[in-house]
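Trainee: Provided below are the primary sequence and the corresponding predicted coordinates.
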Amino acid sequence: MILADCGTVWSKICDTGTGVLDVLSTKDVTVKYPGSFDIGTGHMAKGRSIRYENELIALIRGSMRLVEEGTYSIVDVGGRDIKFCRLKERRPLKLDWNQSCGANTGFTIELLAGYYGLDCNKLPVTGERIPLTCGVFGMEKMFDMIINKVDPAEALARFVHGLAYNVFNFCGRPEKLYLSGGLCENNSFLASLGKYTDVTPLGRDVLLYGLSEEYAGPTGG
């Protein structure tokens, strides 16, 4: 069975027969996987899946397989949006989905890191943050810092800290928060979010857990 979580930027695909998790750029998916997926989720999986699952439903089901508590909060920070769910006694209590501002997504960090030749997963941790009420203004403040001799890695780390603070507020400022998505691998983001809440990263394949009980986690790739 082929399971696929195809986001706008990154895709996670697994053949449950081998257990191998393939993480690749979404623009390369049609070349490597020209056929249909058995079960899919994510914006780019629509029309390519025999069975399509809503992303929030996949997030909830996946988190329930990975989290033992009955009451908890989980957020998925993707390339173009943020998905949040609060569960009480294993039942959804609050759902939210933000696609309104690119500053609140992982892809903006990747774009800025690529422009300055930085590894976005090896940024420093900083106590300062850039307010991200608007993505354009946030980037403008970051550029101004660099013009004024702030190291690009430090400036981007402040941007990441601003994103972490926004995520914390978007989720209702919980005391504990489970995290899904590629930013689970970004230590600067984790440390920044950890200043405000007890954060537990679950990895970038949480939605695959929600697509089928046959998915048991990655074995390589």
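Mentor: That came in fine, so what should we check first? Keep in mind that what you see is a predicted model, and the values were worked out from it rather than measured.

Trainee: helices or strands next to the top helix by length along the chain in the packing?
Mentor: Longest helix in the chain by number of residues (criterion: DSSP state H): helix 152-170. Using 3 or more C-beta pairs under 8 Å, 6 or more residues apart in numbering; DSSP states H and E, the elements in contact with helix 152-170 are strand 72-77, strand 82-88, helix 106-116, helix 135-147, helix 187-193. No exception for glycine: its C-beta is placed from N, CA and C like everyone else's.

Trainee: of all these, which lies closest to Gly162?
Mentor: Nearest to Gly162 among those is helix 135-147 (6.3 Å), distances taken as C-beta to C-beta.

Trainee: before we move on, the earlier item: now do the longest helix of the chain: distance to the chain's middle.
Mentor: Centroid separation for helix 152-170 versus its chain: 14 Å, with C-alpha atoms, centre = their mean, to the nearest Å.

Trainee: Val20 and Phe107, how far apart?
Mentor: Using C-beta to C-beta, to the nearest Å, we find Val20 at a distance of 25 Å from Phe107.

Trainee: between these two, who's got more neighbours?
Mentor: Taking neighbours as other C-beta atoms under 10 Å, Val20 and Phe107 compare with Phe107 leading, 17 against 13.

Trainee: isn't the more buried one right up against Thr8?
Mentor: Yes: in this structure, Phe107 is within contact of Thr8 by C-beta atoms under 8 Å, at 7.3 Å.

Trainee: helix, strand or coil for the closest residue to Ala113 other than its chain neighbours?
Mentor: Distances taken as C-beta to C-beta, 6 or more residues apart in numbering put Cys120 closest to Ala113, at 3.8 Å, once the chain neighbours are dropped. Classification of Cys120 by DSSP: H, G, I helix; E, B strand; the rest coil places it in coil.

Trainee: What's the local residue count around Cys120?
Mentor: By the criterion of other C-beta under 10 Å, Cys120 has 23 neighbours.

Trainee: can you check Asp96 too?
Mentor: Neighbours of Asp96 using other C-beta under 10 Å come to 14.

Trainee: Give the full set of residues in contact with Glu154.
Mentor: 124, 126, 145 (C-beta atoms under 8 Å, 6 or more residues apart in numbering).

Trainee: Now list the buried members of the residues you listed.
Mentor: Burial by neighbour count, judged by 16 or more other C-beta atoms under 10 Å, picks out 126, 145 from these.

Trainee: Reformat the contacts of Glu154 as CSV; add pLDDT and distance to Gly47.
Mentor: As requested, those are exported to CSV (pLDDT from 0 to 100; distance: C-beta to C-beta, whole Å):
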residue, pLDDT, distance to Gly47
Pro124, 95, 42
Thr126, 95, 42
Met145, 93, 43
